[in-house]
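Participant: Would you be able to build a 3D model of this:
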Amino acid sequence: MSRKPVKINPKSGERLNQWLKHIKMTQLALAEKTGYSQQLISGIITGKKNLTFDAAKLISEKTQGKEIVGGVEKVRPEWLMCLDDYMTHQEMIHSKETIIDNAIHAVDTLINEVLEKRGYSKETLNEDATFTFSKGDETTRVPYSELRTLRTEIKHYSEYVTEKFIRNILEKF
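Facilitator: Numbering: from 1, shown residues only. Presented below is the predicted three-dimensional model:
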């Protein structure tokens, strides 16, 4: 009975090579840390051998980058396997924060658009920490704290949905 050929993803090897350069580690040093042969490491990097998820996890555990707040930088196995584009957990967190900031900005824009469609002028911040919305002779003051609460609720909901999504993905592995 013949074995089914394994499809090799050469991009995984490129990423492993990128990580090794990032942390200034040789293939030989990686081989020593992981217990894999240097020939296997070289084969993965050159696209001749397959990087398994177990190997990617071991590489993540056995190698480290620069020191950061709360520990050291670690490569993510998901990045090595080309499942996403975040080399480190810190990159993923930064990206998540950027996405949330963009969502909050989008909500601010949406609030302005909805008010404009209803005939109100754009919001202006007053000295008493309220926003004024005007429509003809009609003026409405909304405490800034209400808009801040809306932004906070959207941020928390975005974080919750993102974490739930990530948990669901990781459960598949």
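
Participant: Report pLDDT for Asn112.
Facilitator: The model reports Asn112 with a pLDDT of 73.

Participant: Next up, the contacts around the residue lying closest to Glu67 once chain neighbours are set aside.
Facilitator: Excluding the flanking residues, the one nearest Glu67 by C-beta to C-beta, 6 or more residues apart in numbering is Glu73, at 7.7 Å. (Glycine included, C-beta is placed from N, CA and C.) Glu73 is in contact with 64-67, 88, 90, counting by C-beta atoms under 8 Å, 6 or more residues apart in numbering.

Participant: give me that answer again for 10 Å
Facilitator: Remark: with contacts taken as C-beta atoms under 10 Å, 6 or more residues apart in numbering, Glu73 is in contact with 22-23, 63-67, 87-91.

Participant: So for the helix or strand hosting Glu97, what gets flagged as buried?
Facilitator: Assigned by DSSP states H and E, Glu97 falls within helix 89-117. Neighbour-count burial for helix 89-117, counted by 16 or more other C-beta atoms under 10 Å, picks out 89-90, 92, 96, 100, 104, 107, 111, 115.

Participant: same check, this time on stretch 157-167
Facilitator: Ser158.

Participant: Show me what that stretch is in contact with.
Facilitator: With C-beta under 10 Å, 6+ apart as the criterion, stretch 157-167 contacts 78, 84, 92, 96-97, 99-104.

Participant: Can you tell me the SS state at Thr132?
Facilitator: When classified by DSSP: H, G, I helix; E, B strand; the rest coil, Thr132 comes out as strand.

Participant: Give me the pLDDT value at the nearest residue to Thr140 once chain neighbours are set aside.
Facilitator: Nearest non-adjacent residue to Thr140, counting by C-beta to C-beta, 6+ apart: Phe133, 4.7 Å away. Note on Phe133: pLDDT of 70.

Participant: Can you read off the pLDDT for Arg118?
Facilitator: We have a pLDDT of 72 for Arg118.

Participant: Model confidence for Ser60, exactly?
Facilitator: 93.

Participant: which ones are touching it?
Facilitator: 19, 74-80, 88-89.

Participant: at 7 Å instead, please
Facilitator: 74-77 (C-beta atoms under 7 Å, 6 or more residues apart in numbering).

Participant: how about the helices of the protein, start to end?
Facilitator: Secondary structure of the chain by DSSP state H: the helices cover 10-22, 27-34, 38-45, 53-62, 77-80, 89-117, 144-171.

Participant: looking at those, which is closest to Arg3?
Facilitator: helix 38-45 (17.2 Å; C-beta to C-beta).

Participant: who does the closest one touch, helix- and strand-wise?
Facilitator: helix 10-22, helix 27-34 (3 or more C-beta pairs under 7 Å, 6 or more residues apart in numbering; DSSP states H and E).
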